[in-house]
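Here you go, sequence then predicted model.
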Amino acid sequence: MIHESVASLIDAKYLLNRPSRRPLKIYSSDPMAGRAGRLSIDVPNEELLPGPVGKRLEVIDYDAPHDCFYPPVNLDAEAILMQSGLEPAESDPRFHQQMVYAVATRTLDNFDRALGRFVTFNSRKYPRLRLFPHAFHGANAYYESQLNAILFGYFRADRESPGSTLPGQIVFTCLSHDIIVHELTHAIVDRLREYFLEPTNEDVLAFHEGFADIIALFQHFTFPELLRTEIQKTGTELNEPGPLVHLAQQFGHATGMGRELRSALGKPEARLYKTVLEPHDRGSILVAAVFDGFFTTYQRRIRDLLRIATGGSGVLPTGDLHPDLVNRIAGEATRTAQGILSMCIRAFDYLPPVDITFGDYLRAMITADYELLQQDETGLRTAMIEGFRLRGIYPDQVASLAEESLLWQAAEQSTPRIPIQDEPALREFIIREATGFGRVGVVSAEAMHDADYYEDAEGEVRGLKKDVAMALQRYADGCRDELRLHPDLPVQVKGFHVVFRVAPTGQSLVELVLQFVQTDRSTADQFGGIPLRGGSTVIAAANGQVRYIIAKPLPAANQPDEVKAQANARVDKSRAYLIAADGMDPLMAYATKDQLSRRGKLRASLRALHW
């Protein structure tokens, strides 16, 4: 018999040596992929309660149509740990719970690594993002910000044209890798930029949809087993139709579409960007532009492998490829995809706080990647610029499409520094974040849970203590002109993050990212219930020196001509978009006076967008 003191030492040693990762089984796309689509992925190994319930995610398996709870899976149970998670099964609710948790955790892990900080979802009412695998009966899934939840539906497949699905069988959206990633990305975007749901121009809602598809798409390419299978089928042509470039295949076929829900492949026609306004279709233009950049870079990276394998001709023979060559090509494709996935996510810190455009996103990607790795040895940034150019996506206020022109303009050296040394609250916050980063969910996420929230006219500043928010507000009030803020409107602090990034060269980069937003409430009746907003994202070095000011100014009387022109152009564009959106809305003819006055605000809904 083991003495109690020895047993306690063994327990303590086990907890100390707990593996940092754990394997869990998922469908790489959805059940329609068959056995070839069953994968084991590794995710951060946090302590879990049955559900699973972790630091940031909580699976609640309430089946609303049947008014019942399914027993929660315990992923820390010995029997489940021994087999690296439950085997994929359409008929087992416990696997459904495992699937949504595993895929969501993998996605969060990608965001944490790329952003250099933890994405948290705590609110006053709900400390975690809640995932409901069987929330309702219907061919839909959506993120609901007020519930801090993602709701997955289930439905019966079309009886006339179900594709490979059995006619009338139950299809679960929670078993689609792409749908889980897509909806979680909506939730993350809402946390990072809460005003990116307000449709102030034709790109805003399309960006929400396109960016969510980009994350789902490139996670496909981070699964080496899936890549190796497809490379054997297609050779090196990863831009051929198939599970790598198709999104939500089972969902699309089961609803009678006769094809996947969406695809990464799209014609490089500039006219589409000028004429297509429906958010999903317009978002597909963004996806295709980014995928073009990926495919061009991937081809460049495998060129030497093909020369070696073919004796210099570069033309592969017919038949099966050598397994070693397949492994090498898959490795290059995975590294390229992971690099682009990180590039796309990292760009978020270089975006303005409101009124996003595709051109803004291109500039953010180029700047974020340049800051981490100035030498573009693989030509990734050049390929990305070309993918956007082919589709007629041109950023505003740039002299050319050269890389140096697309970088955000550096801030003036005279811009006041972030007062880290003069504000004890800021120093304490930065130290806390530096201490917590590196242990997922242990320090940073818990510290956010007991943060003292700062209330303003818009509600809380998420995760910021009152003294930190007040210090940042004092800073913004003292340098409104330099930050391109309106001289009279109140300044709201919408974010302050310390980011820790490591370049492929091993070089570390520590930055401070701040968001300031202003709201002109007198204009809400002009834009369907959405007031005009402006503001700036500020990027600073660890010593507080401001490096970039990414601004969306509001019109004011005493502004420099350049700033005033930019502000007025934004207002004109918002008015034009509202008219265009009204013309596409079939409900406009039946809207009440109240609905007309709030039509812009009513469109700012992911649930409405997905139905």
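Looks like it arrived, so ask away.

Quickly note the distance from the closest residue in space to residue 43 that isn't next to it in sequence to residue 74.
The spatial neighbour of residue 43 that comes closest, neighbours along the chain excluded (Cβ to Cβ, 6 or more residues apart in numbering), is residue 105 at 4.3 Å. (Each C-beta comes from the backbone N, C-alpha and C, glycine too.) In this view, residue 105 and residue 74 are 16 Å apart by Cβ to Cβ, to the nearest Å.

Which of those two has more residues huddled nearby?
residue 105 (25 against 17; other Cβ atoms under 10 Å).

Show me what the host helix or strand of the more buried one is packed up against.
Per DSSP states H and E, residue 105 falls inside helix 93-115. Using 3 or more Cβ pairs under 8 Å, 6 or more residues apart in numbering; DSSP states H and E as the contact criterion, the neighbours of helix 93-115 among helices and strands are strand 21-27, strand 38-44, strand 57-59, strand 129-137, helix 177-192, helix 204-220, helix 323-346.

who wins for proximity to residue 101 among those?
Comparing the helices and strands packed on helix 93-115 against residue 101 with Cβ to Cβ, the closest turns out to be strand 57-59 (5.4 Å).

Now the element after the closest one, going C-ward?
Moving toward the C-terminus from strand 57-59, the next helix or strand (DSSP H and E) is strand 62-63.

Direction included, what does that following strand pair against?
With DSSP bridges as the criterion, the sheet partners recorded for strand 62-63 are strand 68-69 (antiparallel).

chain center to the helix holding residue 105, what's the gap?
If you compare the mean C-alpha spot of helix 93-115 with that of the full chain, they lie 13 Å apart, counting by Cα atoms, centre = their mean, to the nearest Å.

Just want the angle from it to strand 129-137.
Helix 93-115 and strand 129-137 are oriented at 140 degrees to each other (axes from the mean of the first three to the mean of the last three Cα atoms, to 10 degrees).

Give me the angle between helix 93-115 and helix 204-220.
Counting by the same axes, to 10 degrees, helix 93-115 points 100 degrees away from the direction of helix 204-220.

Can you show me the CA trace of helix 93-115 as CSV?
What follows is helix 93-115 as a C-alpha-only set of coordinates in CSV (Å, rounded to 0.1, in the frame of the first residue of the first chain):
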residue,chain,number,x,y,z
PRO,A,93,-23.6,12.9,-29.2
ARG,A,94,-20.5,12.5,-27.1
PHE,A,95,-18.4,12.5,-30.3
HIS,A,96,-20.3,15.6,-31.5
GLN,A,97,-19.2,17.3,-28.3
GLN,A,98,-15.6,16.2,-28.8
MET,A,99,-15.7,17.4,-32.5
VAL,A,100,-16.8,20.9,-31.7
TYR,A,101,-14.4,21.2,-28.8
ALA,A,102,-11.4,19.8,-30.7
VAL,A,103,-11.8,21.9,-33.9
ALA,A,104,-12.6,25.1,-31.9
THR,A,105,-9.6,24.6,-29.7
ARG,A,106,-7.3,23.9,-32.7
THR,A,107,-8.6,27.1,-34.3
LEU,A,108,-8.1,29.2,-31.1
ASP,A,109,-4.6,27.8,-30.9
ASN,A,110,-3.8,29.1,-34.4
PHE,A,111,-5.1,32.5,-33.4
ASP,A,112,-3.1,32.6,-30.1
ARG,A,113,0.1,31.7,-31.9
ALA,A,114,-0.4,34.2,-34.7
LEU,A,115,-1.6,37.1,-32.6
